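Trainee: missing the sequence, but the structure's below:
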């Protein structure tokens, strides 16, 4: 189960030139924002990557404006695990649970999930905070993740799993976020 002391949230490649091509871009952005706001309320670290930002642009402002840092790790490998900068950031968190959101589900999210799992991380993918250009590709990416032992969750489930209890000011904040 996800917990606040050993989990990090990873936002993969939600970039200006990629987002317009996504099949459910409003849902993608909205759920990534919920996940980020929830992680911040819970004190869970956030990491972000950008795939070839010179070609695909920076992280969209709706997401970038919520991220406290570090700066997105710049990568050319599809898997975030192939990016030395990202792996250094992840290592510095000293956390072993990775909750992934972003694009594209069947390429960068999938390859990252499997590579991190093979390195001993517990990995879950927030399905409603991921997307691909074609819905069938997203579904294939999620199915391949599940078949490889990666957990599939949704933003609301993940946030309440991290929260654990239905009381206190953080609970009230999470309820506002998911509504």
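Mentor: Cool, got the structure. Everything numeric here is computed off the predicted structure, so don't read it as measured data. Numbers count the residues shown, from 1 in each chain.

Trainee: how about residue 88, phi and psi?
Mentor: Backbone torsions of residue 88, given as degrees, to the nearest 10, read phi -70, psi -40.

Trainee: same thing with residue 32?
Mentor: phi -60, psi -40.

Trainee: Could you measure from it over to residue 39?
Mentor: Noted for residue 32: a distance of 11 Å to residue 39, by CB to CB, to the nearest Å. For every residue, glycine as well, the C-beta is placed using N, CA and C.

Trainee: So which of these two has more stuff around it?
Mentor: Per other CB atoms under 10 Å, whichever of residue 32 and residue 39 has more neighbours is residue 32, with 29 against 26.

Trainee: how about that one, what does it touch?
Mentor: 11, 14, 63, 101, 102, 129 (CB atoms under 8 Å, 6 or more residues apart in numbering).

Trainee: Show me where this structure has its strands.
Mentor: All strands of the chain, identified by DSSP state E, fall at 7-12, 46-51, 73-75, 97-103, 122-131, 151-153.

Trainee: okay, the ones you listed in TSV with mean pLDDT and mean neighbour count next?
Mentor: Converted to TSV, the strands of the chain look like this (pLDDT from 0 to 100; neighbours: other CB atoms under 10 Å):
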stretch	mean pLDDT	mean neighbour count
strand 7-12	98	26
strand 46-51	98	24
strand 73-75	97	19
strand 97-103	98	27
strand 122-131	98	25
strand 151-153	98	17
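
Trainee: so which of these gets nearest residue 88?
Mentor: With CB to CB as the measure, strand 73-75 is the member of these nearest residue 88 (8.2 Å).

Trainee: Check which helices and strands the closest one is in contact with.
Mentor: With contacts defined as 3 or more CB pairs under 8 Å, 6 or more residues apart in numbering; DSSP states H and E, the packing partners of strand 73-75 are strand 46-51, helix 84-93.
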